[in-house]
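**Q** Got a sequence here, can you model it:
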Amino acid sequence: MDVVSHGLWGTLLFGHNKKGEYRYYFWAALFGILPDTLFFFVFIGMVIAGNTQLTMPPNFPAEAIETYKYTHSFLTAGTVFIFLFIFLFIFHKNMIKLFLAWPLHITVDIFTHTADFYPTKFLYPLSDFYISVISWRHNLIAVGINYVILIAAIVFLFIYKKKKNQQTQGWQNQNP
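**A** Now for the predicted structure:
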């Protein structure tokens, strides 16, 4: 799936607090795009350092591909989660769930990447196992369906929140 979609899904599912307010959307989006962002940072760093030339996927250098494998592994995400959990539990308990956008990213990529384009080896480095299902890269229908669902979910949440606010205001007006 594309990076923007990962950020939007992370925000939609994990960027709200207990009251339904989207106060943490930035952090949820960040965790949603983090696996791809780290991968791209390594690649761009290599280009800036002169270790490789700017290329288009799937022609990235081996070091960047290796980073992709680690950032798209549940083992890496789990390890990071343990350290973040300790820190966030002490300082920001309400932000722990934001991290779930990272494993969501991996889960989606398992089913939307094929052997031809960055297979998601979700148990790496213990295993090179991956599932080759459907490639979002060459399937405009899959991309279109994804964005239709995203837009529908955003509209639904907006309407739901607006109705909920109207009901709350109506109740407050009736009971001064």
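**Q** Low-confidence ranges, this structure, go.
**A** Applying pLDDT under 70 to the chain picks out residues 20, 56-58, 94, 165, 168-176.
**Q** list the contacts for I154?
**A** If you count contacts by Cβ atoms under 8 Å, 6 or more residues apart in numbering, I154 has them with L8, L12. (Each C-beta comes from the backbone N, C-alpha and C, glycine too.)
**Q** Tell me how far the spatially most central residue of the chain lies from T107.
**A** The chain has G32 as the residue nearest its centroid, 2.1 Å off, counting by Cα atoms, centre = their mean. Relative to T107, G32 is positioned 12 Å away (Cβ to Cβ, to the nearest Å).
**Q** Please enumerate the shared neighbours of the two.
**A** Common contacts of G32 and T107 (Cβ under 8 Å, 6+ apart): none found.
**Q** Show me what the helix or strand containing E63 is packed up against.
**A** Assigned by DSSP states H and E, E63 falls within helix 62-71. If you count contacts as 3 or more Cβ pairs under 8 Å, 6 or more residues apart in numbering; DSSP states H and E, helix 62-71 packs onto helix 25-48.
**Q** and the helix it packs on with helix 62-71, angle?
**A** Per axes from the mean of the first three to the mean of the last three Cα atoms, to 10 degrees, the angle that helix 25-48 makes with helix 62-71 is 160 degrees.
**Q** in helix 25-48, what's buried?
**A** By neighbour count with 16 or more other Cβ atoms under 10 Å, helix 25-48 contains the buried residues 25, 27-40, 42-43, 46.
**Q** now swap in stretch 126-136 and tell me
**A** Y130, W136.
**Q** what sits up against it?
**A** By Cβ under 8 Å, 6+ apart, the surrounding residues in contact with stretch 126-136 are 1-2, 75, 110-117, 119-123, 142-143, 146.
**Q** Tell me the span between the first and last residue of that stretch.
**A** Using Cα to Cα, to the nearest Å, the end-to-end distance of stretch 126-136 comes to 26 Å.
**Q** And for stretch 89-96?
**A** 7 Å.
**Q** tally of neighbours for V80?
**A** 15 (other Cβ atoms under 10 Å).
**Q** hang on, it packs against W102?
**A** Yes. Between V80 and W102 a contact is recorded at 7.5 Å, counting by Cβ atoms under 8 Å.
**Q** wait, what's in contact with the closest residue to A29 other than its chain neighbours?
**A** The shortest distance from A29 to any non-neighbouring residue, by Cβ to Cβ, 6 or more residues apart in numbering, is to G7 (3.9 Å). Contacts were defined as Cβ under 8 Å, 6+ apart; by that measure G7 touches A29, L30, G32, I33.
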